[in-house]
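Engineer: Here is my input, please return the structure:
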Amino acid sequence: MITVARFSFPHEAYIAKASLEAAGIDSFVADEHTINMQWLYSNAMGGVRLLVREVDLDSAVELLNTDFSESVVYQESQLGIDHCPNCGSDKLVPFTQGKKPAFIVFILLGFPLFFYKHGYRCEQCGEFTEKVK
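Structural biologist: This next block holds a predicted model:
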């Protein structure tokens, strides 16, 4: 087994391990328990290591260095709405209204009150629209 990548935290290594296993490359995560017990040692130990067989090294490096961001396709149909009802703009972004007041209530009272809403905010006029189901 040879180290193909190093990570600061075990969850990062497991994401990479899942990518490799999806491609049929066997891998092993090393030093995860030590880092979980004492995460301050992560840099001193070289982090959590992701190991693969030597014959799979080139394939694993190529897969881990591949940028899949172009594969993500944004579709307006996923939003449920295609334009702002206020100004007609199509520049909508996911937004959660009421997160800050909910956080302040949690800090002051010590327990959460969930009174926020998920939806979309128009980048042009700032109008909030609730999610359409």
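Engineer: Need the residues that contact the longest helix that the chain contains.
Structural biologist: In the chain, taking DSSP state H as the definition, the longest helix is helix 10-22. Residues outside helix 10-22 that contact it (C-beta atoms under 8 Å, 6 or more residues apart in numbering) are 5, 7, 26-27, 29, 32, 35-36, 48-50, 52, 60, 63-64. Every C-beta, even on glycine, is put in place using the N, C-alpha and C of the backbone.
Engineer: which of the residues you listed sit farthest apart?
Structural biologist: 36 and 63 (25.6 Å; C-beta to C-beta).
Engineer: Among these two, which residue is more densely surrounded?
Structural biologist: residue 63 (17 against 13; other C-beta atoms under 10 Å).
Engineer: Using PDB, write down the CA coordinates of the helix or strand harbouring the more buried one.
Structural biologist: For residue 63, the enclosing helix or strand under DSSP states H and E is helix 57-64. Presented in PDB, the C-alpha positions along helix 57-64 are these (Å, rounded to 0.1, in the frame of the first residue of the first chain):
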ATOM      1  CA  LEU A  57      -1.600   4.600  -7.800                       C
ATOM      2  CA  ASP A  58      -1.700   6.400 -11.200                       C
ATOM      3  CA  SER A  59      -5.500   5.800 -11.600                       C
ATOM      4  CA  ALA A  60      -6.200   7.000  -8.000                       C
ATOM      5  CA  VAL A  61      -4.100  10.200  -8.400                       C
ATOM      6  CA  GLU A  62      -5.800  11.000 -11.700                       C
ATOM      7  CA  LEU A  63      -9.300  10.400 -10.200                       C
ATOM      8  CA  LEU A  64      -8.600  12.500  -7.100                       C
END
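Engineer: With that, I have no additional questions.
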